[in-house]
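S.K.: After the sequence you'll find the predicted model.
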2 protein chains.
Amino acid sequence: MADAERIQLAHGGGGQLTGELVRDVILPALGAGGSQAAEGLTDAAVLEVPPGRLAFTTDSYVVQPLEFPGGDIGKLAVCGTVNDLAVEGARPLALSLGLVVQEGLEIALLRRVLESAGRAAAEAGVAIATGDTKVVERTALDGMVMNTAGVGVVSEKARLGFDRIAAGDRVVLSGPPGEHGLAVMCRREGLSLATELLSDCAALHELTAGLIERLGGAVRFLRDPTRGGVAATLVETAEGAKRDVEIVEAAIPVNRTAKSAAEMLGLDLLTVANEGKLVAVVADDAAEDARALLAESPLAARAAVIGTVGETADVPCVEMETEIGGRRIVQMPYGEELPRIC
Amino acid sequence: MADAERIQLAHGGGGQLTGELVRDVILPALGAGGSQAAEGLTDAAVLEVPPGRLAFTTDSYVVQPLEFPGGDIGKLAVCGTVNDLAVEGARPLALSLGLVVQEGLEIALLRRVLESAGRAAAEAGVAIATGDTKVVERTALDGMVMNTAGVGVVSEKARLGFDRIAAGDRVVLSGPPGEHGLAVMCRREGLSLATELLSDCAALHELTAGLIERLGGAVRFLRDPTRGGVAATLVETAEGAKRDVEIVEAAIPVNRTAKSAAEMLGLDLLTVANEGKLVAVVADDAAEDARALLAESPLAARAAVIGTVGETADVPCVEMETEIGGRRIVQMPYGEELPRIC
């Protein structure tokens, strides 16, 4: 099937053409990451699972454009679901991949994003074990929707949850916020910056596994701040723990290009989506170890302790000490500042 | 959130409005089936899993219209994924639910299809354990895409696979083919029939569990003949087993309304999608037991032995002895006879 060709409705019919698309395009593109998918892509995969707790998650990806600086929908769909498992303290075991493709989509583009998904899966050591492909009319969808679900084995050392968060715990952020959302927006709006801004899209399971392995129960809670950004994650953490949280603006690492882009677009960096950042709540006496451990990885070289958990509160609040010495409330974003960012 | 309201882009932003949609519409609508989702719908669920083999599957649903006689996209998304687990010999444990919704969709419609998904999950005894919701512009999608992934525990008694199929094995079909695809097409095309045709959309895990429990290794292979219909399933079975298969047209149960509809639309009943039928390959001496066991359920009251597995073949072929005594080749449908049928 030549790359110049385009997807036809009949590619989704479950017949010969579907079989050809799966055999000639999808499986070869997924490559190593999809090697276990050879039998499974139209049906269920059977996995050998050790006894214990299993994490199970799903996300659909609707990012526009499908390719952006630092990533694409395929890499995003793998990393995003790996990260949802990772923040539950789980080692990713297998992913599913559900494609809904618009009639007329270039097969070359489909191939590129699937190759990217396959590479990301291989790098993360996770199999794309089962899948499904549907095709809809060109008037019914622009581009592609990709859904991944994932299963992972929860570490026996993981003791994570809102109820584990205590007064005095520290909040660690693995790097500068906003890179993913702003990279996508700049590409979409055709904004050019002095320095190219890349999405931070990356799999975080090694970072989280390292934290849990080394610090055990001192790691209270992990979350990847995607839609709604660091602000939404902090507010959800405060509300979940029923505790105030205080952060210090001067401690938050900043990507200057992202900051310029946010200013141009009138956005708050803290509310912009990330796809390769981690918010960790850790015991006070383990906070510096957690920061240093994260900073050993290129994915989190600029990790910083940015805040502290406070006392219990009926109406929990996230407050920020600003760089000019004032204080402001960090709020849950209301709605959609950046549509179709992930 | 009143039913008269419509989905806004901001409902997908990950902020306050997303939280309200999940809390006020999605979780209440999923009801009993979604009760475990209260914490999980934005993140990963943690499941306790017994040791052994785990089945893992996914499907995306793009059916149009979203509601049709006998079902809707919610019921379909639950039953379809339950069935993909069931035919692997697995007891369904948990489902994920990924929604991609068009801006402007009526909240009342969203509520109805989610209530239907919740009822189907509760009836199947499976939890909707984790989920995700995205909203895209009204120009980017018509209606809704629903993705479910599922995990299930494979029965220790299940010995299923193409390699288990032997010469002389019999092919059992659980009921008349084509009801789902034709019910959807008749609704879509505005065709009215003397008798209303209902989709057969149903969860089959109790049928498959019963077969495996009672007949063990005499059950060689199970499949639910969805897209591409019974024809595609038989051809895949023949190709997978590398054996010829012969079926007898007179033995195939027929729904007269479906047959009339197929004739009006110029379709072959054997190539039309089913969503509540089972094709089982069983040992010859267990075939009548399998048929009788299936027929005890209202879901398979008209189960019939329709064919026989033949010798190994380099180019395996499915042949049908026709009602007028001729023979014809049953072929894999080429492409998309019925777009957006599931």
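M.R.: Now that the structure is in, tell me what you want to look at. Treat the numbers as computed from the prediction; the structure is a model and nothing was measured.

S.K.: In chain A, which residue is most central in space?
M.R.: Nearest to the mean C-alpha position of chain A, by Cα atoms, centre = their mean, lies residue A:80 at 3.1 Å.

S.K.: which residues in chain A form helices?
M.R.: For chain A, applying DSSP state H gives helices covering A:16-21, A:27-30, A:37-40, A:73-86, A:107-124, A:179-189, A:205-215, A:229-241, A:256-265, A:287-295.

S.K.: any chance of these in JSON lines, plus mean pLDDT and distance to chain B?
M.R.: The way it works is simple: take the backbone N, C-alpha and C, and place the C-beta from them, glycine included. As requested, these are exported to JSON lines (pLDDT from 0 to 100; distance: least, Cβ to the nearest Cβ, whole Å):
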{"stretch": "helix A:16-21", "mean pLDDT": "89", "distance to chain B": "5"}
{"stretch": "helix A:27-30", "mean pLDDT": "93", "distance to chain B": "14"}
{"stretch": "helix A:37-40", "mean pLDDT": "44", "distance to chain B": "8"}
{"stretch": "helix A:73-86", "mean pLDDT": "98", "distance to chain B": "5"}
{"stretch": "helix A:107-124", "mean pLDDT": "97", "distance to chain B": "14"}
{"stretch": "helix A:179-189", "mean pLDDT": "95", "distance to chain B": "11"}
{"stretch": "helix A:205-215", "mean pLDDT": "98", "distance to chain B": "12"}
{"stretch": "helix A:229-241", "mean pLDDT": "97", "distance to chain B": "6"}
{"stretch": "helix A:256-265", "mean pLDDT": "95", "distance to chain B": "15"}
{"stretch": "helix A:287-295", "mean pLDDT": "98", "distance to chain B": "21"}
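
S.K.: any idea which of those is most buried?
M.R.: Most buried of the helices of chain A by mean neighbour count (mean count of other Cβ atoms under 10 Å in any protein chain shown) is helix A:73-86; its value is a mean of 30.

S.K.: What angle do helix A:205-215 and that helix make with each other?
M.R.: 20 degrees (axes from the mean of the first three to the mean of the last three Cα atoms, to 10 degrees).

S.K.: pull the longest strand from chain A.
M.R.: For chain A, the strand with the greatest residue count under DSSP state E is strand A:90-102.

S.K.: how is chain A carved up into domains?
M.R.: As assigned by automatic domain parsing, chain A contains the domains A:9-39+A:50-154, A:162-330.

S.K.: Give me the distance from the longest one to the chain's centre.
M.R.: Here domain A:162-330 shows a centroid-to-chain-centroid distance of 13 Å under the convention Cα atoms, centre = their mean, to the nearest Å.

S.K.: Show the pLDDT at residue A:10.
M.R.: Per-residue pLDDT puts residue A:10 at 88.

S.K.: which residues does the closest residue to it other than its chain neighbours contact?
M.R.: Using Cβ to Cβ, 6 or more residues apart in numbering or on different chains and skipping the chain neighbours, the partner closest in space to residue A:10 is residue B:335 (2.6 Å). Listed by Cβ atoms under 8 Å, 6 or more residues apart in numbering or on different chains, the contact set of residue B:335 reads A:8-11, A:13, A:15-18.

S.K.: change it to 10 Å
M.R.: When contacts are counted by Cβ atoms under 10 Å, 6 or more residues apart in numbering or on different chains, residue B:335 touches A:8-18, A:135, B:228.

S.K.: likewise residue A:212?
M.R.: By Cβ under 10 Å, 6+ apart, the contact set of residue A:212 is A:86, A:89-91, A:154-160, A:218-219, A:222.

S.K.: Relative to chain B, which of those is nearest.
M.R.: residue A:154 (6.0 Å; Cβ to the nearest Cβ).

S.K.: burial count for that closest one?
M.R.: Residues contacting residue A:154 under the criterion other Cβ atoms under 10 Å in any protein chain shown number 20.

S.K.: next one: residue A:198
M.R.: Using other Cβ under 10 Å, residue A:198 has 18 neighbouring residues.

S.K.: thinking it is in contact with residue A:75, fair?
M.R.: No - proximity of residue A:198 to residue A:75 does not meet the contact threshold set by Cβ atoms under 10 Å, at 11.7 Å.

S.K.: right, and residue A:207 touches residue A:301 too?
M.R.: No - if you go by Cβ under 10 Å, residue A:207 and residue A:301 don't touch, sitting 11.4 Å apart.

S.K.: quick one: common contacting residues for these two?
M.R.: A:174, A:294.

S.K.: on that earlier part again, for the contacts of residue A:212, work out which two are farthest apart.
M.R.: The span of the contacts of residue A:212, defined through Cβ to Cβ, is set by A:91 and A:218 at 19.5 Å.

S.K.: returning to that earlier point: what touches both of residue A:198 and residue A:75?
M.R.: Contact criterion Cβ under 10 Å, 6+ apart; residues shared by residue A:198 and residue A:75: residue A:68.

S.K.: Which neighbouring residues are in contact with residue A:248, exactly?
M.R.: Residue A:248 touches A:171, A:304-308, A:320-323, counting by Cβ under 10 Å, 6+ apart.

S.K.: wait, residue A:45
M.R.: By Cβ under 10 Å, 6+ apart, the contact set of residue A:45 is A:36-37, A:39, A:94, A:96, A:127-131, B:54-58, B:88.
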